[in-house]
Each structure stands twice: as C-alpha cells, then as structure tokens.
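A.B. asks: Sequence and predicted model, in that order:
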Amino acid sequence: MRGLARAWSVALHGVDGVPVEIEAAIGNGIPGVHLVGLPDAALNEAKDRVRSAVVHSGRTWPNQRIVLALSPATLRKSGSRFDLALAVGVLAAARSVPTGRLDGTVLLGELALDGRLRPVRGVLPCLLAARAAGMTRAVVPREALAEAALVDDLTSFGADTLGEVLDWAAGNRTLTPAAAAPTADAPAAVPDLADVIGQDEARTALEVAAAGGHNLMMIGSPGTGKTMLAQRIVGLLPELGRTEALQLAAIRSVAGRLAVDTPLSTLAPFVAPHHSSSGPALLGGGSGVARPGAVSLAHRGVLFLDEAPHWSASVLDSLRTPLEEGEVRIARADGTVHYPARFQLVLAANPCPCTAIIDRYCECRSDVRRRYLARLSGPLLDRVDLRVAMDPVTALSSGTPGESTAVVRERVLAARAAAVARWADQGWRCNAEVPGTELRSRFPLPPEVMRPLNKRLEAHELSARGADRALRIAWTLSDLRGATQPDRNAVENALYFRERSEP
C-alpha cells in the first residue's frame, strides 16, 4: 500500500508563528518512521508517542516505511505541539482518515501514550500565524479553547483525545467549539496610593514616571516604602488596548504563564524578579529554544528590580539595549529570536550595605557607600530618568491622608492623552518614547528655558542622552500641569529629579 497525505501545524520562532506543512508518505521498504525537516530532540521522540497514541486509540498503525517531512525544511522545529498533526497525517496517508476536513485546518497538541491530548505552550501566537496564512479552522486541546477563542476569524475546536479528533475528521462526531472571544477581564484591584504615609517627593516622582513612561530609581533605608510605592505604579498606568493585551498574552503563552480561564488582561503587568536571577531569566534565552524572560513578561508594564546593587553588574548592564530599543534579540545558531520588551524600569536601592534604618546609626564609611551604589553603572543610570531619595517615616498618622490612586490616575491619564495628541502622527504614546532629535527639532524651546540644560552640558555634568531625558521629563511635568510647553521651572525640576539621589 502506498499513500500520501498532508496536515498542518505551526512552528514558533520567538513570538512569531510559521505554518508548517507535514507530509506523510507510506511506501514499501523496511518498516519504520523517518522524520525529516530539522526536528529537535523532543520532536524526534514524537515518533514513539504518536505510534503508541494511535494504537491505544483503537487504530491500526501502518507496518510499512513512513516518511514524515516538515516544511519549510530549513526551519528548526521544536517542541511537542506537532504530535497531533503527525498522527492524523499518518492515518490519512494510510487512508484510515478522510482528508476533506484537514484542508485549511491547523492541528496543535501533544499526545500522551494512551491518546490523551495535552496542552502546549504558544497556542495563541500559533493560531494568529495560522489565520494570517489563510487557515480557517483549528483543533487544539480542550484546555486551550479560551486562548484559541481570542483569535477572530478562525473557527477553533477543542478535543480531549486523539480518537475524538479522528472521529471528527471522519465526520462521525462534533468537537467542542470555542465560545465567543472573551473580553478582557476587568482590572484586578490594585494597592491604593493613599496607603503610603508621607514621602511626598517620591509620590510626585511616581506620578511623573507613570505620566511619561519614565524610568525611576528610589534610594532609601529599609522600611521607607520603596517597594510599597513601586507596587502602586501599575494602578496609575492606562489600561492596555486589545492589540497590546493580545501581544502580552502571546508572550505569556510562549512562556507558559498564561491563565487558562482568563487569558486576556488589560492591566499593565508588574514583574519583580529576585536579585539572584540570571541573565537568561531576566532577558530570555536558556538552552535549546530561547524563551522570553522577565523584561518581555513586563512588556507595556513595569519591571521592578529591588535591591538593585545586589544584582550582577553584567546582568544589569544587559538591560541597556532593551531600554533603548524596546525589544530583546537572542542569537542562536539557527537565527535570532526577537521578543518585545517595551517596559518601564523601576529600581530600588538602600543607600549603603549596612541597611541602617536611620542614617545616624550607619557605620559605613563614605567610600564604602560610594562603592556600594557604584555597582550601578553610569550608562545604566544615564537611562534612568527620575531619581528620588526617600527619608525615614517620622509619624504613622497625619492629619491629611495622601491622594488616592483614582485621583492621581486622572491626572496621569490626562497627561498621557496630551502626549498622544502631540505625537499622534509619529505613533509615539508617551514622552519617554520620543527620540531627543524629534523633541528638539519639532518643538524647540526658547533659549532662556533651555539655559539650565545647556549649563549642565557645558560643565560636563550631564551627557547628551541625559539632557534629552531631562527634556522629556520637562514635557511630562508640563503635561501634568496642562501647559502647552515646558517653562524654565519645568526644566529645572526635571534636572532636580535626575540629580536627587542622596538621602
């Protein structure tokens, strides 16, 4: 018996899917399964999984020479998501399954030895790629139906076993269809800014950072509220649009962090890795398939690095490129993977290694304090727009509580709207994204307003990059006030926030 059939699946390259045509050919020769098309180890092992799943599903495995070709042949394929397509392709080539329903259908799922269909990572970006390639249907594990429903104009079905998929292909049963595309969940409750006692200057810096998308560093003794403030910045940020929420969901899906029941969220992410995290954990990578790291999981949100001087200097310096370019590039022998990483960086640090709660109890010499904070390199700090020193809290109660998150968020959203209107033609959405050359050429400020910046540049107290970032902060301060452009006071305040790092 000779037979030839094809099925479709999808390979992942970063968060980008590539449709893969799986051709199954059955012919004469020594019985066995030959898998070609640059499969990795997990995919090579699929031969045994697929055969066992077919047998335990009550079907006959062809005792002939089977060749499975995955095209494009030059693309490295990895993972177990091809199992279902391989099994269906073999049985279709053996004429045990009709091929009519396989046209235009992408099949995703890992097979257990007894034929159960297991969920896999990256279903959302795979189906987005399948839709772009003209596919009209998808069959996925039932657990991934909520994720599959996010893809419009693609009919998705869920199954629990290989036998169910084979019966569906033969027209003998129906599969569970995906429900209507789920809407984004209402943002979860976030900590309120009114809980923070005192720290007026730090609260202002947090508001400015949220309004302009600026990076922020807070320096203060333990217990001054650095982490408490950082956790509250998410409540000030605007909700993600559907496109951004889908992009974040795709990253989480590839990383295996996507919630099964509520895959779409419009709340800006807040990611706080431990200071012992490695470079691949922060930026992405790992052996074999390069997976997204913390910076990509914080895409369109906040990356919070507590105890910043305790981080490895090389790991911290590796943040410089994604901070400037908004993406991570991970090179492998088979090519370079791109992961989006447009995030706000928030750093927290103690002023010295002894972590004395009150400065007068500190026993560290001045040179020890300098060396401690010098672990944060100059080029990295040059990319931190706002720096604020936090003093110890002197009273647990005050006559007037601080403003709530809701009140501050109104001002932040108004400032963001002003920036969006100003940069609508270029597509930038906050002042922190605007290149310095555009800021200076399109909206030049009077010489008197620019004088404080120019004086710092002449005295070599500020780099050109630092001057551009101070200028962006000045525009954010202006937007918060509702002004049409910064005045000299806004520029001086921007410089103050860049230079204020000593408690």
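C.D. replies: Perfect, thanks for sending it.
A.B. asks: Neighbours of E307, how many?
C.D. replies: Neighbours of E307 under the rule other C-beta atoms under 10 Å: 16. Where C-beta positions appear, they are placed from N, C-alpha and C, glycine not excepted.
A.B. asks: Might one say that it is in contact with P353?
C.D. replies: No: counting by C-beta atoms under 8 Å, E307 does not reach P353; the two are 10.6 Å apart.
A.B. asks: and L323, what is it in contact with?
C.D. replies: N215, L345, R383 (C-beta atoms under 8 Å, 6 or more residues apart in numbering).
A.B. asks: got a list of what the first one touches?
C.D. replies: Applying C-beta under 8 Å, 6+ apart to N215 gives the contacts A209, L323, Q344, L345, V346, L347, R383, V384, D385, L386, A432.
A.B. asks: roughly how far apart are the nearest residue to R469 once chain neighbours are set aside and V254?
C.D. replies: The shortest distance from R469 to any non-neighbouring residue, by C-beta to C-beta, 6 or more residues apart in numbering, is to D385 (4.8 Å). Taking C-beta to C-beta, to the nearest Å as the measure, D385 falls 30 Å from V254.
A.B. asks: And for A129?
C.D. replies: 12 Å.
A.B. asks: Please say which of those two ends up with more neighbours.
C.D. replies: For A129 versus V254, neighbours defined as other C-beta under 10 Å are more numerous around V254 (27 against 23).
A.B. asks: so where do the helices sit in the stretch 151-300 of the chain?
C.D. replies: For the stretch 151-300 of the chain, applying DSSP state H, counting those that start in this stretch gives helices covering 162-169, 200-212, 226-231, 242-255, 279-283, 294-297.
A.B. asks: Pick the most deeply packed of these.
C.D. replies: helix 294-297 (a mean of 25; mean count of other C-beta atoms under 10 Å).
A.B. asks: what comes into contact with it?
C.D. replies: 251-252, 255, 257, 269, 271, 273, 277, 281-284, 303, 319, 322, 328, 339-341, 343.
A.B. asks: How far does it sit from its chain's centre?
C.D. replies: Offset of helix 294-297 from its chain centre (C-alpha atoms, centre = their mean, to the nearest Å): 4 Å.
A.B. asks: Run me through the strand neighbours of whichever helix or strand comes after that helix, direction for each.
C.D. replies: Past helix 294-297, further along toward the C-terminus, the next helix or strand under DSSP states H and E is strand 302-305. Note on strand 302-305: by DSSP bridges, its sheet partners are strand 270-271 (parallel), strand 344-349 (parallel).
A.B. asks: For L495, which of these is the nearest?
C.D. replies: When those are compared for distance to L495 using C-beta to C-beta, the nearest one is strand 344-349, at 19.2 Å.
A.B. asks: And the closest one, how far out from the chain middle?
C.D. replies: 17 Å.
A.B. asks: For the next helix-or-strand element following that strand, buried residues please.
C.D. replies: Heading C-terminal from strand 344-349, the first helix or strand you meet, by DSSP H and E, is helix 366-373. Buried residues in helix 366-373, counted by 16 or more other C-beta atoms under 10 Å: R369, Y372, L373.
A.B. asks: for stretch 100-107, same thing?
C.D. replies: Buried, per 16+ other C-beta under 10 Å, within stretch 100-107: R101, L102, T105, V106, L107.
A.B. asks: Over to stretch 469-487?
C.D. replies: 469-480, 486-487.
A.B. asks: would JSON lines of the helices of the stretch 151-300 of the chain with distance to Q64 and mean pLDDT be doable?
C.D. replies: Shown next, in JSON lines, are these (distance: least, C-beta to C-beta, whole Å; pLDDT from 0 to 100):
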{"stretch": "helix 162-169", "distance to Q64": "19", "mean pLDDT": "96"}
{"stretch": "helix 200-212", "distance to Q64": "64", "mean pLDDT": "94"}
{"stretch": "helix 226-231", "distance to Q64": "61", "mean pLDDT": "93"}
{"stretch": "helix 242-255", "distance to Q64": "37", "mean pLDDT": "93"}
{"stretch": "helix 279-283", "distance to Q64": "44", "mean pLDDT": "91"}
{"stretch": "helix 294-297", "distance to Q64": "45", "mean pLDDT": "96"}
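A.B. asks: nearest to A189, of those helices?
C.D. replies: helix 226-231 (12.2 Å).
A.B. asks: can you tell me how far the residue nearest to R469 sits from R465?
C.D. replies: Distance, D385 to R465, using C-beta to C-beta: 10 Å.
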